[in-house]
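Visitor: Mind folding the following:
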Amino acid sequence: MGILKEEYVPIADSLLNSFSRDLNFFEAENYLYNAAYLSAMQNKTNELRTKETSDAVLLLQKKTTQELYALGSELAKPMKLLNIVFEKAGIKTTLSSDVIKKVNKRNFEGVLSSLSSLKNVVASQSALLISSGMKPDMEKFIQDTFDAITAKSNEQSAYQQQRKAFTSANKGLYKELYVCIYK
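Guide: As a prediction, this is how the structure comes out:
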């Protein structure tokens, strides 16, 4: 997997810190890595940072992504408890564990798929699960969470499409900074 465009500036910043600190060493190893090269890389990084920070869509996308991750994190405890209920009820399924694993891997399409299947199991075994300690509103909780993650995922996708347009418009600048990173 390659570097995402939104990671270029933080990576360049990290490289610039190291390069600035060790400029004499780099220049001794290769005369091309000198103060002029450092300055050019700083300028490209700052130019791209300025464009990105003025990009409101990027800020909205980051906020939406954080909100999506928070929704996923809120699933951990109920899914662990539901897993215990499944064991007590003698129902063999890994769906609640699958949800947690997919949240941890940031695979929200997979989370939605597992939640949908989980809702079906909970609905079909509701009486047994409630008698084994499941909260009576678990099916509603799963549906509400499914709906919230779906809405947030759709919102994130819309921002990603807008960001693609931004990165396409600034493709040359990203390419120039990429060259600096990989030199």
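Visitor: Quickly find the element holding the residue lying closest to residue 134 once chain neighbours are set aside.
Guide: Once flanking residues are discounted, residue 134 sits nearest to residue 85: 4.5 Å by C-beta to C-beta, 6 or more residues apart in numbering. C-beta: built from backbone N, CA, C; applies to glycine. Using DSSP states H and E, residue 85 falls within helix 76-89.
Visitor: just how off-centre is whichever helix or strand comes after that helix within its chain?
Guide: Moving toward the C-terminus from helix 76-89, the next helix or strand (DSSP H and E) is helix 95-104. Relative to the centre of its chain, helix 95-104 is centred 15 Å away, using C-alpha atoms, centre = their mean, to the nearest Å.
Visitor: which strands and helices sit next to helix 95-104?
Guide: helix 76-89, helix 108-124 (3 or more C-beta pairs under 8 Å, 6 or more residues apart in numbering; DSSP states H and E).
Visitor: Buried residues of it, list them for me.
Guide: By neighbour count with 16 or more other C-beta atoms under 10 Å, helix 95-104 contains the buried residues 95-96, 98-100, 102-103.
Visitor: Could you tell me the average pLDDT over that helix, please?
Guide: Averaged across helix 95-104, pLDDT comes to 95.
Visitor: how far off helix 76-89 does that helix point, in degrees?
Guide: Here helix 95-104 points in a direction 160 degrees away from that of helix 76-89 (axes from the mean of the first three to the mean of the last three C-alpha atoms, to 10 degrees).
Visitor: so which of the buried residues of helix 95-104 would you say is closest to residue 6?
Guide: residue 103 (21.5 Å; C-beta to C-beta).
Visitor: before we move on, which element is the residue of the chain positioned farthest from its centre in?
Guide: Note on the chain: the largest C-alpha distance from the chain mean falls to residue 28, namely 40.0 Å (C-alpha atoms, centre = their mean). In the assignment (DSSP H and E), residue 28 maps to helix 23-29.
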